[in-house]
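Colleague: Here is my input, please return the structure:
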Amino acid sequence: MKKIVKLSLILGIFLLAIALFANLKAQASVENMETFFEFPGINVQITATNKTQPGQNITVILNLQLRNDTDEIYMQYFNLSIFGFLYGENRVLLKNETRNGFSLNNTSRTYNCAFNVSMPANIWGSTYGEIVLSYWARYGIARLDYLDPPLSSGFTATYVENVYLKNLEELLDNLNSTFRQSFQMNLTLENLAKLNETYWRLHGSVDDLDNTRKAVAILAITTVFFVATTVYVVWRKPKEYW
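Modeller: Okay, the predicted model is just below:
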């Protein structure tokens, strides 16, 4: 029983620690990732934070550059979207940036756009980006339109670490070490199942013992009553003379 009480105390500390770790946030990685695309007449480079954690912000930079074989690009619009995955599964839109009505030519061959994206607490895993371009390109006297439908491409973006799982794993390792020192066994699902079975068996034994004690008490009371009644009857019985 003392071991069960000790186990309950350790598990209680374990649950409390989970609640505390849930509020921890580490610093985001400063490393960046770069993605390159080649569209007709234009090169696209997207730079973003390589790795981050829930609750942090990342910076995304879009660079558009006129290709050497192109005289002019007129950007009707571009749309850059960043998606995250809710609990690592369901895709949700995190940020959408749109610009329209500008040109790239020999005077201005590049265009840069930077924006921040916030990572909600329930987002983790690899984020996903999508770039959509609607424009026309001029090559000398020739012009090619990429207006409708526009051109698009997707890419894997910043990885959002599942800090809750990481903290839980570290906490479980520490708990397992403490548990192993206290009970000389590893904290595994199989061992937890055995402990649970032992606990309920002991609990049942305690209940049985309690019921037995009650039965013995009732039997003792009944016996005492029976003996007292018998003594009383014998004592009250009239004496017989021979």
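
Colleague: May I ask which helix or strand of the chain has the lowest mean pLDDT?
Modeller: Every helix and strand in the chain was compared by mean pLDDT, DSSP states H and E; the lowest is helix 2-21, with a mean of 46.

Colleague: Okay, buried residues for the helix or strand following that one please.
Modeller: Using DSSP states H and E, the next helix or strand after helix 2-21 towards the C-terminus is strand 32-39. Neighbour-count burial for strand 32-39, counted by 16 or more other C-beta atoms under 10 Å, picks out 33, 35, 39. Glycine gets a C-beta too; all of them are placed from N, C-alpha and C.

Colleague: Leu144 contacts Trp136, correct?
Modeller: Yes. The pair Leu144 and Trp136 passes the contact test of C-beta atoms under 8 Å, sitting 6.6 Å apart.

Colleague: Between these two, point out the one with more neighbours.
Modeller: For Leu144 versus Trp136, neighbours defined as other C-beta atoms under 10 Å are more numerous around Trp136 (16 against 13).

Colleague: and the helix or strand containing Gly154, C-alpha only, in PDB?
Modeller: Gly154 belongs to strand 142-160 when elements are defined using DSSP H and E. The C-alpha trace of strand 142-160 is given here as PDB (Å, rounded to 0.1, in the frame of the first residue of the first chain):
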ATOM      1  CA  ALA A 142       6.300  39.700 -78.200                       C
ATOM      2  CA  ARG A 143       4.000  39.600 -75.200                       C
ATOM      3  CA  LEU A 144       2.800  36.500 -73.300                       C
ATOM      4  CA  ASP A 145       0.000  36.600 -70.900                       C
ATOM      5  CA  TYR A 146      -0.200  34.500 -67.700                       C
ATOM      6  CA  LEU A 147      -3.300  36.200 -66.400                       C
ATOM      7  CA  ASP A 148      -6.200  33.700 -66.400                       C
ATOM      8  CA  PRO A 149      -5.500  31.200 -65.200                       C
ATOM      9  CA  PRO A 150      -2.600  32.500 -63.100                       C
ATOM     10  CA  LEU A 151       0.600  30.500 -62.400                       C
ATOM     11  CA  SER A 152       1.000  28.900 -59.000                       C
ATOM     12  CA  SER A 153       3.300  26.700 -57.100                       C
ATOM     13  CA  GLY A 154       3.400  25.200 -53.600                       C
ATOM     14  CA  PHE A 155       6.300  24.600 -51.200                       C
ATOM     15  CA  THR A 156       7.100  23.300 -47.700                       C
ATOM     16  CA  ALA A 157       7.800  26.100 -45.300                       C
ATOM     17  CA  THR A 158       8.800  26.600 -41.700                       C
ATOM     18  CA  TYR A 159       8.700  23.600 -39.400                       C
ATOM     19  CA  VAL A 160       6.800  24.200 -36.200                       C
END
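
Colleague: partners of that strand, with directions?
Modeller: For strand 142-160, sheet partners with direction are given as strand 51-52 (parallel), strand 125-139 (antiparallel), following DSSP bridges.

Colleague: where among the ones you listed is the average confidence lowest?
Modeller: Of all the strands paired with strand 142-160, the segment with the smallest mean pLDDT is strand 51-52, scoring a mean of 90.

Colleague: just the angle between the helix or strand following that one and strand 32-39, please?
Modeller: The C-terminal neighbour of strand 51-52 among helices and strands, as given by DSSP H and E, is strand 57-66. With axes from the mean of the first three to the mean of the last three C-alpha atoms, to 10 degrees as the basis, strand 57-66 and strand 32-39 are set at 30 degrees to each other.
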